[in-house]
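Peer 1: Build me a structure from this.
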Amino acid sequence: MIVNFYDALTRRLRASGDWVAPLGLRLLLAYEFWTAGYGKFKVGTEAPTWFANQDFVFPFGLLSANMNWVMVTWGEMLAALAVLLGLFTRFFAFSLLVITVVAIAAMHWPASWDSLGQLWEGYSVSRVMDDGEFRGNFRIPFLFLAMILPLVFWGAGKLSLDHLLVSLSGRQGQFLEREPDRVAFGLATLIFGLMAIFLIPAWGIVLLLLSAGLLGYTGYGWYAAQRA
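Peer 2: Residues are numbered from 1 along each chain as shown. Have a look, this model is predicted:
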C-alpha cells in the first residue's frame with residue numbers, strides 16, 4: 001500500500017514537474033541575464049576599462065574588447081528573452097553556458113592553483129582570501145551553470161513555445177522518446193568537455209577525446225552498416 005501510494009505520488013509530481021520545474025529555472029535565469037545584459041546595453045558599445053583589461057580565452061581573445069562587449073551584451077539579452085519564452089531553448093541555454101564559462105575563465109578563475117583543494121577555495125563570493133591572495137570567486141557563476149544545464153539537456157518544459165511548436169507539428173511522441181546510446185553519452189561528454197576546456201584544459205581535452213571516440217565509433221558503425 002505504501003509503495004503504491006509512493007508510486008502514484010511520484011507520477012503526479014513528475015507530471016506537474018514537467019510544467020513547473022523548468023519554468024522556475026527559466027524565470028530566474030531570464031531575470032539574471034537580462035539584468036546583466038541590459039546593464040551593459042545602457043553603458044553603450046564601448047567596453048569599460050574593467051572589461052577591456054580582462055584576458056579572454058581563445059578564440060574570444062582574438063576579438064577586440066568592444067566586439068566582445070557588444071556580443072555579450074546582445075547575447076545575454078536575446079538569450080534571456082528566448083529562455084523566458086521557451087523558444088529554441090536548448091540553443092540559447094547553450095549560448096548562456098558559453099557566456100558564463102568564458103566569464104568564469106576571464107574574471108572568476110584563479111590564475112594558478114596547486115591542488116584541487118586550493119582551487120575549491122575559489123568556490124566563494126569573495127575575491128580575496130584571508131592571506132590576501134585571489135583564488136577565484138566562481139560560486140555564483142557555477143550555480144548559474146547548474147541551472148542552465150537542465151535546460152540544455154531537458155529543454156524548456158511544457159509551458160513553453162518549444163512545446164507548443166512540437167505539439168502543433170504532430171510530434172508529441174518526441175517528448176517521451178529516449179535513446180541512451182553512445183551518441184547520447186558522446187553529446188554529454190562534448191558539452192562538459194567544451195565547458196572544461198576553458199577552465200581546466202587537461203580535463204577538457206580528455207572529455208573531448210572521449211566524446212570524439214563515442215561519436216566517431218557510432219558514425220563508423222552507421223557508415224559500415226550503410227555499405228553492407
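
Peer 1: For the spatially most central residue of the chain, give me its contacts.
Peer 2: In the chain, the residue lying closest to the centroid (CA atoms, centre = their mean) is residue 97, at 3.0 Å. Residues near residue 97 by CB atoms under 8 Å, 6 or more residues apart in numbering: 145, 148-149, 152, 191, 195. In this view, the C-beta of every residue, glycine as well, is placed from N, C-alpha and C.

Peer 1: So which of those wins on neighbours?
Peer 2: residue 148 (25 neighbours; other CB atoms under 10 Å).

Peer 1: host element of that one?
Peer 2: Applying DSSP states H and E as the criterion places residue 148 in helix 139-154.

Peer 1: Centre of the chain to that helix, how far?
Peer 2: Taking CA atoms, centre = their mean, to the nearest Å, the mean C-alpha location of helix 139-154 is offset from the chain mean by 5 Å.

Peer 1: Now do the same contact list for the closest residue to residue 205 other than its chain neighbours.
Peer 2: In this structure, residue 205 finds its nearest non-sequential neighbour in residue 197, 6.9 Å apart by CB to CB, 6 or more residues apart in numbering. Going by CB under 8 Å, 6+ apart, residue 197 touches 204-205, 207-208.

Peer 1: Show me the shaky parts of the protein.
Peer 2: By pLDDT under 70, the low-scoring segments of the chain are 114, 126-136, 175-176, 220, 223-228.

Peer 1: Quick check: can you list the domain ranges of it?
Peer 2: Per the record, the chain has its domains at 2-177, 179-228, by automatic domain parsing.

Peer 1: Enumerate the positions of stretch 212-222 that are buried.
Peer 2: 214-215, 218 (16 or more other CB atoms under 10 Å).

Peer 1: How about stretch 16-28?
Peer 2: Buried residues in stretch 16-28 (16+ other CB under 10 Å): 18, 22-23, 25-26.

Peer 1: So what touches that stretch?
Peer 2: 83-84, 86, 89, 147-148, 150-151, 154-160.

Peer 1: For that stretch, what is the distance to the chain centroid?
Peer 2: From the chain centre to the centre of stretch 16-28 is a distance of 16 Å (CA atoms, centre = their mean).

Peer 1: ok, residue 52 - contacts?
Peer 2: With contacts defined as CB under 8 Å, 6+ apart, the neighbours of residue 52 are 65-66, 69.

Peer 1: Of the residues you listed, keep whichever come out buried.
Peer 2: Judged by 16+ other CB under 10 Å, buried ones among the contacts of residue 52: 65, 69.

Peer 1: Just the ones in helices from the contacts of residue 52, please.
Peer 2: 65-66, 69 (DSSP state H).

Peer 1: Out of the residues you listed, which comes closest to residue 2?
Peer 2: Of all the ones in helices among the contacts of residue 52, residue 69 has the smallest distance to residue 2: 57.8 Å, by CB to CB.

Peer 1: thinking again about what came up before, on the three-state scheme, the residue nearest to residue 205 is what?
Peer 2: Using DSSP: H, G, I helix; E, B strand; the rest coil, the structure places residue 197 in helix.

Peer 1: Please report the distance of it from residue 208.
Peer 2: Using CB to CB, to the nearest Å, residue 197 is found at 7 Å from residue 208.

Peer 1: What of residue 118?
Peer 2: Residue 118 is 25 Å from residue 208, by CB to CB.

Peer 1: before we move on, what about residue 85?
Peer 2: Note on residue 85: its distance to residue 208, by CB to CB, is 32 Å.

Peer 1: Thank you, goodbye.
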